[in-house]
Structures are given as C-alpha cells and as structure tokens.
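Enquirer: This is a predicted model, with the sequence first.
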Amino acid sequence: MIPSKFDYVRVNSIDEAIQQLKQFNGEGMLIAGGHSLVPLLKFRLSEPGALIDISRISELKGVRKEGDRIVIGALTTHFQIANDPIVKEYIPVLSETVRQIGDLQVRNRGTIGGNIAHADPAADLPAAAFVLDAEIAIHGEDGPETMNIDSFIVGPLITMLPENSVLTSISFAIPPAHTNAEYLKFSHPASGYPVIGVAVVAGVGENDVIDYIRIAITGVGNVAYRATSVEEKLLGQTLSQTLLKEAAQLAAEEGDMASDLFTSEDYRRNLCKVYTERALKSVFYSN
C-alpha cells in the first residue's frame, strides 16, 4: 500500500504542464484531485517517475455557457458541478449524475477532467457525457484540439488523450427546452460504483409523439455506450407505457456485457432492460 518513489512538481499554467510532461519523457503523470490516481499508486498498478500537480491552474476551473453548449473546466469538482446554477438550469442530468458519484470526500476533491480521463468502465459520468454529446478539449504540443466523447474513450482505462497533452475542458450540448432527464443507477453495495447506470434525455411534441431521445448506459461492460436501438425504436412514435417496455428490451443490444463475482453477463443484460424502462418511465411520466 506504499507507492514507489517519484518526483513531485507543481505547475501554474497549461504550457508549463506540457513542458514538464515532455521533460519526463513519458514518465510523468498529471494529478489534480487524485481520487483515481492515488489508489493506483498505492497498489503500484501505476509507477510514474513524476507527479505533475495541475490543481492550481485557474484557467482549468469554472462553468460557463457558450452558445448552445455548457463548458466546464477540467479541474471543476463534482461538488461544484452539482451545485452550479448554470448546470442545474441547462443540463440538470449532469448535476443529478455527479451527486451520485462516490461519497462526499470524493465529490469535494474529484474533478470532472480526471474522471473522464481515467476512463473507468464503472464510472457514472460517461453516461451523462454520452447523452449530452460531450466534447473533450485538449491542449498539446501542437496546440488545441477537440474530440467527441465516443471517440475519446476507447476501452477500460484507455483514452485517445495524446502524449504530452492536458485535458482542459469538457463541453456539453444543451438539450431542447421541452425535454426532461433522468439518471438511475444500481450501485455495487461495497464500492458504490454503478453495476449499471442509465442516463436519459427525452421529450415529446404534439400528439404525444417522442421527438427527442438520448439514452446511454454505463457500468455493464468495458465502455459506456449509447443505446441507439432503443432510441430508434422510440423516436417518432406515440408515447405509451407499452412502447417504453418494448423499447427497453433492446437496451443491451449495443453493449458487451461484463461478468464478475458480483453479477453474471445475463444479470447485467437484464439490468439494462429493467433500469432503462424505469428511467424512461421516470422521464416521461414522473417529471
């Protein structure tokens, strides 16, 4: 439970962080809140030559509205996001999701950038990121670039973040004003991680026709995913409880179900159907 020896450097700007990453030639790792990285260090699953502390870079913090998107700095904590008035007004599903991350200590210190960059397959945030069409802003040696969430996370603990780069912010699309949203999870009794988490943003237009639907599922496999089969089944159809139940049966179609000591693959597949139906009913009939 004792990390291997490493150097420690604190930086005050993005450019300085990139220079330090280059200097340590692949052996440096960024740290902010540390709630994802520190456990890996203690178990020696990660043994960096240096930790580069970016927690004091002020430009990586805060929430702002830019056009039809909400931009959140990478160092903004889960607690700050959960209580931010802009987030609550325009993308409440994100506020609802981060309120369910870990415990109070994790939410006070953990950051949105660190959570997404860690790419834990059992994380809550990717579900909200997928339904809100999140875009990841990155600053590297060649300047800034942007990636969509579905191309950024490619596997468990694996992302497309380039070497010697800093994730600077994440932006989220603002759904249409008439939509409602929900995030439901079934938590592992020991860890609190989602065995399954389902995020839904949906709305109905004239004559109760579903005109907007986004569904994403996390926790059941190696990566979170959009439940596009369910979306296609619902979009353009007249809302009914029977329709929601039928559509929810397709919730596991796009995902590769995992199996472990706690749950089997079949159990997770059933959870996808049950929790997707519950989330859909909550969005359409409870909000």
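Expert: Sure thing, it's come through. Residues are numbered from 1 along each chain as shown.
Enquirer: is it true that residue 257 lies in a strand?
Expert: No. Applying DSSP: H, G, I helix; E, B strand; the rest coil, one finds residue 257 to be coil, outside a strand.
Enquirer: What is the burial count for it?
Expert: Neighbours of residue 257 under the rule other CB atoms under 10 Å: 19. For glycine as for every other residue, the C-beta is placed from the backbone atoms N, C-alpha and C.
Enquirer: Could you report the pLDDT at residue 286?
Expert: At residue 286, the model reports a pLDDT of 81.
Enquirer: switch to numbering from 36
Expert: Happy to do that; since the first residue is 36 now, the last one works out to residue 321.
Enquirer: List the contacts of it.
Expert: Applying CB atoms under 8 Å, 6 or more residues apart in numbering to residue 321 gives no contacts.
Enquirer: Now residue 194. Its backbone dihedrals?
Expert: The phi/psi pair for residue 194 (degrees, to the nearest 10) reads phi -130, psi 170.
Enquirer: so what's residue 55 closest to, chain neighbours aside?
Expert: Spatial nearest neighbour of residue 55, excluding adjacent residues (CB to CB, 6 or more residues apart in numbering): residue 87 at 4.8 Å.
Enquirer: Just give the strands next to the host helix or strand of the one you found in its sheet, each with its orientation.
Expert: With elements taken from DSSP states H and E, the one containing residue 87 is strand 85-88. Paired neighbours of strand 85-88 in the sheet (DSSP bridges): strand 42-45 (parallel), strand 63-66 (parallel).
Enquirer: Can you say which of the ones you listed is packed in most?
Expert: strand 63-66 (a mean of 20; mean count of other CB atoms under 10 Å).
Enquirer: what mean pLDDT does it have?
Expert: Strand 63-66 comes out at a mean pLDDT of 95.
Enquirer: Contacts for that strand, please.
Expert: Here strand 63-66 has contacts from 44, 52, 55-56, 72, 81, 83-90, 201, using CB under 8 Å, 6+ apart.
Enquirer: and the next element down the chain from it?
Expert: Immediately after strand 63-66, counting by DSSP H and E, sits helix 72-77.
Enquirer: Show me what that next one is in contact with.
Expert: Contacts to helix 72-77, defined as CB under 8 Å, 6+ apart, come from residues 36-39, 41, 64, 66, 81-83, 86, 149, 153.
Enquirer: Quick one: end-to-end length of stretch 78-91, please.
Expert: Start-to-end span of stretch 78-91 (CA to CA, to the nearest Å) is 26 Å.
Enquirer: pretty sure the residue nearest to residue 55 is in contact with residue 47, am I right?
Expert: No. With contact defined as CB atoms under 8 Å, residue 87 does not reach residue 47; the gap is 11.4 Å.
Enquirer: More neighbours: those two, which one.
Expert: residue 87 (24 against 12).
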